[in-house]
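Trainee: My questions concern the predicted model and sequence given below.
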Amino acid sequence: MAEKIVCVVAYPSTTKEGKPARFDMDYYLKTHMREIIDRDWKPFGMGKWTVASFKAEDSLDNKPPPYMVTATIEWDKVEDLKEALAKGSEVSGKDVANYTDVYPEIWISKVTGTSS
């Protein structure tokens, strides 16, 4: 199996002030991911992306999760992701304020196992 990279963009559930974060999922999916990210990152080798949302009522203990939304984005090489972040993120970085009032954490990992 060729080595794959996964980038997780995780949006906190609360603001720095401890208030519930705002998140416009409709805008995020239709405009931010399907238009901006697809347009600006695919030329750098971005593979598929998946978005997941987390709510207290869906958790096993009914507690608010630390993150409300994650986007998982697949890449073949970490160098491709770094190039996309450096050269293809001007518009997407400015767009964050259009759908949320928190700034995401970005995690990068190597895929070390998967099911078929």
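Mentor: On my side now, so go ahead.
Trainee: Which elements pack onto the helix or strand where Ile73 lies?
Mentor: Taking DSSP states H and E as the definition, one finds Ile73 inside strand 67-75. With contacts defined as 3 or more Cβ pairs under 8 Å, 6 or more residues apart in numbering; DSSP states H and E, the packing partners of strand 67-75 are strand 5-12, strand 49-53. In this view, the C-beta of every residue, glycine as well, is placed from N, C-alpha and C.
Trainee: residues in contact with the helix or strand following that strand?
Mentor: Per DSSP H and E, the first helix or strand lying C-terminal to strand 67-75 is helix 78-87. Here helix 78-87 makes contact (Cβ atoms under 8 Å, 6 or more residues apart in numbering) with 5, 7, 40-41, 44-46, 73, 75, 108.
Trainee: Equivalent analysis for stretch 19-34, please.
Mentor: Here stretch 19-34 has contacts from 11-15, 49, 51, 53, 68-69, 71, 92, 95-96, 98-102, using Cβ under 8 Å, 6+ apart.
Trainee: rerun that using 6 Å as the cut-off
Mentor: Stretch 19-34 is contacted from outside by 13-15, 68-69, 95, 99-102, using Cβ atoms under 6 Å, 6 or more residues apart in numbering.
Trainee: what about Trp41, distance to His32?
Mentor: With the distance defined as Cβ to Cβ, to the nearest Å, Trp41 ends up 11 Å from His32.
Trainee: Actually, Val102.
Mentor: In this view, Val102 and His32 are 14 Å apart by Cβ to Cβ.
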